[in-house]
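> Sequence and predicted structure are below.
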Amino acid sequence: MENRKNNDTVFRMTTRPVGPLILSLAIPTIISMLVTNLYNTADTYFVSQLGTSASGAVGIIFSIMTMIQAVGFTIGMGSGSIVSRLIGGNDVKTASKYTSSAIVCSLVLGTVLGTLGIIFQNQLIVRLGATETILPYAKDYAKFILIGTPFMATSFVMNNQLRFQGKAKYGMMGLTTGGILNIALDPLFIFGFGLGIKGAAIATLVSQCTSFTILLSMFLRKKSLTEVSVKNVSRKISDYILIIKTGLPSFFRQGMATIAMIFLNTQTKIFGALSPLVIEAANRAGEISETTGKLITAADCSIAAMAITNRVFMLLMSIAIGLGQGYQPVCGMNLGAEKYDRVRKAFKFLLKITFSLMTVFAVVVFIFAPEITLFFRKNEAVVLVASTAMRAQALILPFHSIIFATNMTLQTAGRTRAASFTSVLRQGLFFIPLILVLPHFIGLLGIQLTQAISDLMTACVSLPFVIRFFKTLGSEEELKK
């Protein structure tokens with residue numbers, strides 16, 4: 001019975017038309033990604049009603065959340081791509097070993113990371129770029145996020161495992177239930193119970209634990225193609241090295257995102273405070289911090305603006321990422337089955353649909369950037385900074401189709417070096433030097449333009465990698481004949 005279920009999945013992945021197949025797998029993933037990002041956006045919205053400093057705190061703590069995601073995505077994407085190829089080659093027993101080992105590994109690493117974060121919480125938050133007025137809010141928010149680290153990291157692992165096995169709808173059930181719960185609990189805890197920003201963090205913790213429980217139940221109830229069991233947990237270090245090695249592109253991508261966010265906040269804190277236009281707008285707003293009784297500074301307004309900008313674009317890019325994640329199991333299983341022509345067709349379909357959707361979103365954001373910012377925070381200085389940053393990133397948004405399609409193809413194919421290199425470009429090799437250099441020449445505008453310039457450069461460099469991959473794949477296909 002189990003072998004028949006596995007064979008049916010492989011048959012479906014390797015024979016059905018790739019376009020409808022990718023969409024059928026992507027829709028549950030897109031819903032999961034959207035709900036996950038919607039509750040992050042809801043956090044930003046509800047917390048922003050507490051004040052500009054509270055809004056800035058969300059941007060500061062987002063760096064910690066990207067650290068947690070780095071652990072989850074590294075292990076989840078690494079083990080998931082291995083598992084999809086093994087299932088494509090009909091080796092379910094070995095695939096079950098990697099699934100079980102990945103879940104245990106993420107629980108252990110998540111616990112270690114969360115414990116260290118709690119111990120060094122104060123030093124960590126200051127180094128992440130918190131100002132004097134943002135710090136109290138950031139500390140209240142971070143504590144509960146760090147407690148939930150093992151559950152959050154492992155949820156990412158289990159969701160990726162289900163997705164790579166073509167069971168994205170089960171992952172969707174876990175993530176969307178937690179996300180909807182978070183959105184419902186935010187106003188209740190923040191305003192109803194009067195917990196303020198602590199309420200937002202507690203709502204996130206409860207939702208993450210709920211998602212974890214639901215996702216784990218999918219494996220225990222045998223909804224997956226692989227079996228999760230203690231007996232399947234590997235005792236070989238080489239297996240964990242392979243998981244991490246395969247997941248390195250995700251680690252570099254998420255790890256660089258964390259570092260980039262830290263530099264973004266620290267540079268925004270410095271150059272936002274030096275911008276005459278933002279200082280003038282902040283003074284006109286005349287907003288007073290509830291925790292310190294001091295006037296909200298231009299630095300606070302700038303950090304809040306960039307936090308809002310990041311949330312908006314994360315929400316939009318979650319659709320592109322969801323489409324890419326629907327493509328990955330199709331790519332992995334067809335590579336395992338040596339059906340390379342289907343891999344090419346799947347890639348072209350992904351590129352076309354992602355580019356089209358991102359172009360539509362780019363037009364909307366460019367036109368309505370001020371109105372989008374006002375939805376989160378009615379502060380003149382915040383709108384001034386966020387509108388320029390949003391419009392710059394909107395111009396480059398369609399090119400994310402090349403970035404994500406290339407990186408996901410290389411990682412799924414096990415081309416670790418190329419995938420790792422392309423994954424560090426956007427938030428690492430390009431973003432970090434730009435964010436450190438540009439503001440010294442053009443001030444705050446350099447910070448507002450950095451992400452857009454980095455994205456364009458990343459797309460230009462990624463394209464030759466994927467072209468070369470498919471040329472190589474053609475050579476391998478010829479050798480099989």
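Received it, and whenever you're ready, just let me know what you need.

> CA only for contacts and neighbour counts going forward, please
OK.

> and stretch 439-450, how far apart are its ends?
End-to-end distance of stretch 439-450 (CA to CA, to the nearest Å): 9 Å.

> what stretches of the stretch 151-300 of the chain score poorly on pLDDT?
289-294 (pLDDT under 70).

> residue boundaries of the helices in it?
For the stretch 151-300 of the chain, the helices defined by DSSP state H, counting those that start in this stretch occupy 168-187, 197-220, 237-246, 248-272, 276-285, 298-336.

> same for the first one, what does it pack against?
Using 3 or more CA pairs under 8 Å, 6 or more residues apart in numbering; DSSP states H and E as the contact criterion, the elements in contact with helix 168-187 are helix 18-48, helix 149-164, helix 197-220.

> Columns distance to residue 77 on top of the ones you listed, output as CSV?
Conversion of the helices and strands packed on helix 168-187 to CSV gives the following (distance: least, CA to CA, whole Å):
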stretch, distance to residue 77
helix 18-48, 14
helix 149-164, 6
helix 197-220, 16
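
> Give me whichever of the ones you listed is most buried.
With neighbours taken as mean count of other CA atoms under 10 Å, these reach their highest mean count in helix 149-164, at a mean of 29.

> Output that helix as CSV - backbone C-alpha positions only.
Provided in CSV are the C-alpha atoms of helix 149-164 (Å, rounded to 0.1, in the frame of the first residue of the first chain):
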residue,chain,number,x,y,z
THR,A,149,12.8,29.1,18.5
PRO,A,150,12.8,25.2,18.5
PHE,A,151,9.1,25.1,17.4
MET,A,152,9.5,27.8,14.7
ALA,A,153,12.7,26.2,13.2
THR,A,154,11.3,22.7,13.2
SER,A,155,8.0,23.9,11.6
PHE,A,156,10.0,25.2,8.7
VAL,A,157,11.8,21.8,8.4
MET,A,158,8.6,19.8,8.4
ASN,A,159,6.8,22.1,6.0
ASN,A,160,9.7,21.8,3.5
GLN,A,161,9.7,18.1,3.9
LEU,A,162,6.0,17.8,3.0
ARG,A,163,6.4,20.2,0.1
PHE,A,164,9.3,18.3,-1.4
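
> And the helices and strands packed on helix 168-187: which comes nearest residue 434?
Of all the helices and strands packed on helix 168-187, it is helix 18-48 that lies closest to residue 434, at 26.5 Å by CA to CA.

> so what secondary structure elements neighbour the following helix or strand past that closest one?
As assigned by DSSP states H and E, the chain's next helix or strand after helix 18-48 is helix 52-88. If contacts are counted by 3+ CA pairs under 8 Å, 6+ apart, helix 52-88 sits against helix 2-15, helix 18-48, helix 92-119, helix 135-147, helix 149-164, helix 237-246, helix 248-272, helix 298-336.

> just the angle between helix 52-88 and helix 298-336, please?
Angle of helix 52-88 versus helix 298-336, following axes from the mean of the first three to the mean of the last three CA atoms, to 10 degrees, is 10 degrees.
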